[in-house]
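Enquirer: Quick one, fold the following:
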Amino acid sequence: MTDASPRDNAAFRQRDYVAGEFLDPEGDLGVWLCDPSTGERIALQAATAPEVVERALAEAEAAHARGTWSDMPVEERAALLERIADALDARVADIAVVEGASSGLPAPIASAFAGSMSGNFRDVAAMIREQVNPEILGEPDRPVELWRLPWGPTAILVPWNAAGAMAAKKTAYALGAGNTVILKPPEWAPFACTHLAEAIDEVGLPRGVFGMVHGGGDVGQALTGDPRVRAISFTGSVPTGRAVARAGAGNFTALQLELGGNNPVIVRADADVAASAASLAAGMVKLNGQWCEGPGKVWVAAALHDEFVAALLDALSTYTLGSHTEAVDIGPLAHESRRIDLQAQVDRLVSLGGKELVAAQPVPAGGWFWAPRVVVGAPEGECVEEMFGPVVTVHSMDDEAAAIAAANASPYGLAAYVFGTDIEGAMAVGRALRFGEAKVNGTSLLDMSEHSAQSFWRCSGLGGHGNRDLLAFFQGVQIVGMDRPGVPI
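Expert: Down below sits the predicted model:
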C-alpha cells in the first residue's frame, strides 16, 4: 500500500440513502479501499450508524404497509423502472471507472458490466407487463384467483466482483415484483451502488421504496436478522452465506443464496487438447479469475495430462496482464488481502506435494497483480475449497466414472465443465454431474439460452437463477376464491 492521499474524485462516493435523502455515513471500518493497479488509497470503507440502519428498516416497512409501490398499476411501475434504466445509461462512464477500481476489471470489461446495468430494469419492466395477475382459475359462477404478491421489505447484499451489475439486477427484479428494497453494497466495492442509488433518486420513487446502507457483518446481521425483512437475496462466500441463513432462519425469511464452489472440469480422453486448453484458459482469466462459476478442479484423461498442462500454460501465457485502466486481458486482483489469501492457498497445496506452474508473462510492478498459474500433483482430496483467482488444480484421470463420482462428492454444486469431441458422450458426462450448470466445450460467462435456469446445489446456495426464477423468488403466491361445493372431504 502506498502513502498517497485519498482520491479526490466525485465518481468515488459512499452515501447512505434513506427516506429519499442522501446521507454521509458517519463511521468507517478502518480499512482502506485502494486502486488495485497502483495501491493508491481511495477511501476508507464506510459504516452506517445503527440508528440510520434502523431508520432504513422502518421506512421500508412503512412504505410496504402504505402500498404506494406494491399497489401501483403495473404500467406505472414499469415506466418508472424504464426511467431508472435511462438514468443509468447516462452514468455508464463513471460506473465503469469505479467498477474497474473496485475489482481490477480491465477497462473494456468494466465498461461492459456498467453498460449492462440498465438492461435489467428494462427486462423486468417487460416481464411484469406480461405477467397475468391475478390468474383466473375458477369458473363463471365460482371465482378463483391466483395472485403473485411481493413479500415486503427485501434485503439485497451483493458481492464485490461486478458489484454494480449484481446490485442492479437484484434491485430491479425486487422492485419489479413490488417489494421495498434495502441494498447493502459490499464494503470492498461500494462505489457503483452509489451511482445506482443516484439513478433511482433521480426518478423519484415513493418514499421508503428504496434504501441503501453501508458496513460490515454487523450491518448485514441487522438487516438479515430483522423480522421486518421478509426476503433476502445474497451473493457471496459460503461462510457469509451460512451466517445470512442463520440470521434469517428464526423469522423463516425467504432466502436466495448464491454462494461459491470449486467448479469441476472433466477433460475426456477424446478431447481436442489445444482447443480445450484454450477454452479453459479463457475461463480461468475471466474477471481476473474472480467469478463464482470459474473453473477450479480439473480432471484430465491420464494419456493427455502432460500435453494438456503444457498447452494450458501456453494458452495462459498469451494473455496480457496490466493496469485495469487499459485494454488488457487480465487486471490485478481486487485487493491486497485477496492476493495474500490466494497465494497462501497455493503455498499450502505446494507444501502437500503440489507443484506451482506460473504462466510465463511480464507481471507489472506495484498493485495487486498475480499471474495465472496451474497446480499439479497436489493431493486430490486436499483440493476442495474455492480459490477464486486465475488458478486451477489439475489431476490425472484414469477412471472417468471415478472422477465424476469425486466431483459429485464435492460439498459444492454451482457449475461444471466437460471437454470432448464426442458431443453426446460429453453431454452424458454433463448430465451425470450434479451441478446447476454443466457446459460442454466452453467456459463463457453468459447463459447458454435466453430461457436458462439453474439451481444452486449443496453448499453452493439456496434457490437458483434465471430471469423468471428470480422474479418468482421475489413474489409469494396466494390463491383466493370460492371453495368447491360438494367435495367429499
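
Enquirer: what about the nearest residue to residue 384 once chain neighbours are set aside, neighbour count?
Expert: Leaving aside its sequence neighbours, residue 384 sits nearest to residue 262 (CB to CB, 6 or more residues apart in numbering; 6.2 Å). For every residue, glycine as well, the C-beta is placed using N, CA and C. If you count neighbours by other CB atoms under 10 Å, residue 262 ends up with 22.

Enquirer: likewise residue 254?
Expert: Residue 254: 20 surrounding residues under other CB under 10 Å.

Enquirer: Quick one: list the elements packing against the lowest-mean-pLDDT helix or strand in the chain.
Expert: Lowest by mean pLDDT, DSSP states H and E among the helices and strands of the chain is strand 464-465, with a mean of 88. When contacts are defined as 3 or more CB pairs under 8 Å, 6 or more residues apart in numbering; DSSP states H and E, strand 464-465 sits against strand 454-455.

Enquirer: Which strands or helices does the next helix or strand after the strand it packs on pack on?
Expert: Going down the chain from strand 454-455, the next helix or strand is strand 457-458, by DSSP states H and E. Applying 3+ CB pairs under 8 Å, 6+ apart, we find strand 457-458 packed against strand 412-413.

Enquirer: next one: the helix or strand that contains residue 284 to chain centre, how far?
Expert: Assigned by DSSP H and E, residue 284 belongs to helix 273-285. Taking CA atoms, centre = their mean, to the nearest Å, one finds helix 273-285 lying 23 Å from the centre of the chain it belongs to.

Enquirer: tell me the contacts of residue 209?
Expert: Shown in contact with residue 209 (CB atoms under 8 Å, 6 or more residues apart in numbering): 60, 63, 68, 69, 175, 180, 181.

Enquirer: just residue 301 next, same as before
Expert: 267, 268, 269, 271, 397, 400.

Enquirer: Next, the second one: phi, psi?
Expert: It stands for residue 268. Backbone geometry at residue 268, expressed as degrees, to the nearest 10, gives phi -70, psi 170.

Enquirer: With adjacent residues omitted, what lies nearest to it?
Expert: In space, and not counting its chain neighbours, residue 268 is closest to residue 420: 3.6 Å by CB to CB, 6+ apart.

Enquirer: Next, find the distance separating the one you found from residue 219.
Expert: Residue 420 sits 47 Å away from residue 219, going by CB to CB, to the nearest Å.

Enquirer: again, but for residue 57
Expert: Going from residue 57 to residue 219 by CB to CB gives 11 Å.

Enquirer: What of residue 147?
Expert: Separation of residue 147 from residue 219 (CB to CB) stands at 33 Å.

Enquirer: What of residue 308?
Expert: Applying CB to CB, the value for residue 308 to residue 219 is 46 Å.

Enquirer: So which bits of the helix or strand harbouring residue 479 are buried?
Expert: Using DSSP H and E, residue 479 maps to strand 475-481. Under the neighbour-count criterion of 16 or more other CB atoms under 10 Å, strand 475-481 has 475, 476 buried.

Enquirer: That one pairs with which strands?
Expert: strand 144-150 (antiparallel) (DSSP bridges).

Enquirer: May I have the beta-bridge partners of residue 297?
Expert: Assessed by DSSP bridges, residue 297 has beta-bridge partners residue 264, residue 393.

Enquirer: Which of the three states applies to residue 327?
Expert: Classification of residue 327 by DSSP: H, G, I helix; E, B strand; the rest coil places it in coil.

Enquirer: Around the residue nearest to it when sequence neighbours are not counted, how many other residues sit close by?
Expert: In space, and not counting its chain neighbours, residue 327 is closest to residue 108: 5.4 Å by CB to CB, 6+ apart. Around residue 108 there are 14 other residues, counting by other CB under 10 Å.

Enquirer: and the angle for the helix or strand where residue 108 lies with strand 144-150?
Expert: Residue 108 belongs to helix 107-130 when assigned by DSSP H and E. Calculated by axes from the mean of the first three to the mean of the last three CA atoms, to 10 degrees, helix 107-130 forms an angle of 150 degrees with strand 144-150.

Enquirer: Could you list every helix and strand in contact with helix 107-130?
Expert: Helix 107-130 is packed against helix 74-89, helix 92-103, helix 163-176, helix 467-473, with contacts defined by 3+ CB pairs under 8 Å, 6+ apart.

Enquirer: Out of the ones you listed, the one nearest residue 378 is which?
Expert: For residue 378, the closest of the helices and strands packed on helix 107-130 is helix 92-103, at 27.6 Å, according to CB to CB.

Enquirer: dump the residue contacts of the closest residue to residue 358 other than its chain neighbours.
Expert: Among residues not flanking residue 358 along the chain, residue 373 sits closest, at 4.5 Å (CB to CB, 6+ apart). Residues near residue 373 by CB under 8 Å, 6+ apart: 316, 346, 356, 357, 358, 359, 390, 391.

Enquirer: helix/strand/coil for the fourth one?
Expert: Translated: residue 357. Three-state assignment for residue 357 (three-state DSSP): strand.

Enquirer: OK, contacts around it?
Expert: By CB under 8 Å, 6+ apart, the contact set of residue 357 is 309, 313, 373, 374, 375, 376.

Enquirer: Show me the shaky parts of the chain.
Expert: Scanning the chain for pLDDT under 70 picks out 1-8.

Enquirer: Which residue ranges make up each domain of it?
Expert: As recorded under automatic domain parsing, the domains making up the chain are 16-259+464-477, 263-449.

Enquirer: Any idea how many residues pack against the closest residue to residue 432 other than its chain neighbours?
Expert: Take residue 432 and drop its neighbours on the chain: the residue closest to it by CB to CB, 6+ apart is residue 404, 5.2 Å away. By other CB under 10 Å, the residues close to residue 404 number 22.

Enquirer: Was I right to think residue 68 contacts residue 80?
Expert: No - applying CB atoms under 8 Å, one finds residue 68 not in contact with residue 80, separated by 11.6 Å.

Enquirer: Contacts for stretch 317-335, please.
Expert: 33-34, 36-38, 100-108, 110, 160-161, 188-189, 281, 285, 288, 290, 339, 342, 359-364, 367-372, 389-390.

Enquirer: in stretch 240-258, what's buried?
Expert: 240-241, 243-245, 247-248, 253-258.

Enquirer: Next secondary structure after the helix or strand where residue 244 lies?
Expert: For residue 244, the host element (DSSP H and E) is helix 238-249. Stepping forward along the backbone from helix 238-249, the first helix or strand reached (DSSP H and E) is strand 254-258.

Enquirer: Who are the packing partners of that following strand?
Expert: Checking 3+ CB pairs under 8 Å, 6+ apart, strand 254-258 ends up next to strand 231-235, helix 238-249, strand 461-462, helix 467-473.

Enquirer: who touches the closest residue to residue 459 other than its chain neighbours in this structure?
Expert: For residue 459, ignoring the flanking residues on the chain, the nearest one in space by CB to CB, 6+ apart is residue 411 at 4.6 Å. Neighbouring residues of residue 411 by CB under 8 Å, 6+ apart: 384, 458, 459.

Enquirer: Please give the number of neighbouring residues around the last one.
Expert: Residue crowding around residue 459 was assessed by other CB under 10 Å; the count is 17.

Enquirer: Hmm, it is touching residue 414, no?
Expert: No - using CB under 8 Å, residue 459 is not in contact with residue 414, being 9.4 Å away.

Enquirer: shared neighbours, the two?
Expert: With CB under 8 Å, 6+ apart, residue 459 and residue 414 have common neighbours 259, 261.

Enquirer: Contacts only, for residue 219.
Expert: So residue 219 contacts 47, 48, 53, 184, 213 (CB under 8 Å, 6+ apart).

Enquirer: Please tell me how far the last one sits from residue 416.
Expert: Here residue 213 is placed at a distance of 37 Å from residue 416 (CB to CB).
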